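A.B. asks: got a predicted model here, sequence first, then my questions.
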Amino acid sequence: MTTPGIPLARPATEEEARAVQDELRDRVVLDEPGPPPGSGRVTGVDVAYDDERDLVAAAAVVLDAATLEVVAEATAVGPVSFPYVPGLLAFREIPTVLAALDALPCPPGLVVCDGYGLAHPRRFGLASHLGVLTGLPTIGVAKNPFTFTYEDPAAARGSSAPLLAGAEEVGRALRTRDRVKPVFVSVGHRVTLDNAVAHTLALTPAYRLPETTRRADALCRRALREATAAPAAQQTVTRQAPTS
DNA sequence: GCGACAG
DNA sequence: ATCTTGTCGC
């Protein structure tokens, strides 16, 4: 259901991984507005790790953008294919995330990643990478500012401030709840920054983090527990919400 | 050279 | 990310 137009690279070293990023970076599309917030479907993706057992579980949860109800979900489990290196997070998460997206019974629509897109040392974070590989519109919503700087946005939900790499705006610090630490939104692929911010606000009616990542986070943790408990169980699981 | 550093 | 109970507050 999510056909990659570009083969998945599996670099063995950090140097190779950086080269892959430098090569794919040009394919990012930044001049499309992206789907309008509040309509269609929005999918959250996230992963959970068990480095001891060499396991990574990914989840993709599709929500109706208007109601935020779960439409479908899928998970995938695989081996940890890359260590955590700041700036190379995508190589650790993408293989299993792609498997989960492929297991979905319907198109994902906009994909919301737990991390960065443009806000990245080489301007090619997880959300950008996933977008280029799948061709889907993507955005990144991170919980921390990484190495970037920002001035604290006003206290009211909806306030924002530029997320800066020097003088370059690579994203936005967005307050999704009154007086609560902001989230850090950046563009992935085929979506505008203003639109990414609007989507993030539409996805946070009750909590600091988008409903998409909350749902995906809970699901991948469950998938990891179940994979740990049932060694020879199936490698992917798909569920379609009942039509009503 | 040292420290910081999305998840 | 992950290790982890209770607890303060709305």
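C.D. replies: That came through fine.
A.B. asks: phi first, then psi, for the residue of chain A found nearest DNA strand C.
C.D. replies: Closest approach between chain A and DNA strand C, counting by Cβ to the nearest atom of the strand: residue A:48, at 3.4 Å. Every residue, glycine included, has its C-beta placed from N, CA and C. The phi and psi values for residue A:48, taken as degrees, to the nearest 10, are phi -130, psi 150.
A.B. asks: dump the residue contacts of it.
C.D. replies: Residues near residue A:48 by Cβ atoms under 8 Å, 6 or more residues apart in numbering: A:56-57, A:217, A:220-221, A:223-224.
A.B. asks: now with 10 Å, please.
C.D. replies: Residues near residue A:48 by Cβ atoms under 10 Å, 6 or more residues apart in numbering: A:55-59, A:77, A:96, A:216-225, A:227.
A.B. asks: turn the buried ones among those residues into a named ChimeraX selection, would you?
C.D. replies: Selection of the buried residues among the contacts of residue A:48 in ChimeraX, burial being defined by 16 or more other Cβ atoms under 10 Å:
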select /A:55,56,57,58,59,77,96,216,217,219,220,223,224,227
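A.B. asks: the contacts of residue A:48: which ones sit near DNA strand C?
C.D. replies: When Cβ under 7 Å from any atom of the strand is applied, the members of the contacts of residue A:48 adjacent to DNA strand C are A:221, A:224.
A.B. asks: and the contacts of residue A:48, which of them are in strands?
C.D. replies: A:55-59, A:77 (DSSP state E).
A.B. asks: what about residue A:142, how many residues nearby?
C.D. replies: Using other Cβ atoms under 10 Å, residue A:142 is surrounded by 24 other residues.
A.B. asks: actually residue A:190, not the one I typed
C.D. replies: Other residues within reach of residue A:190, judged by other Cβ under 10 Å, total 22.
A.B. asks: from memory it sits against residue A:109, does it?
C.D. replies: No: if you go by Cβ atoms under 10 Å, residue A:190 and residue A:109 don't touch, sitting 11.7 Å apart.
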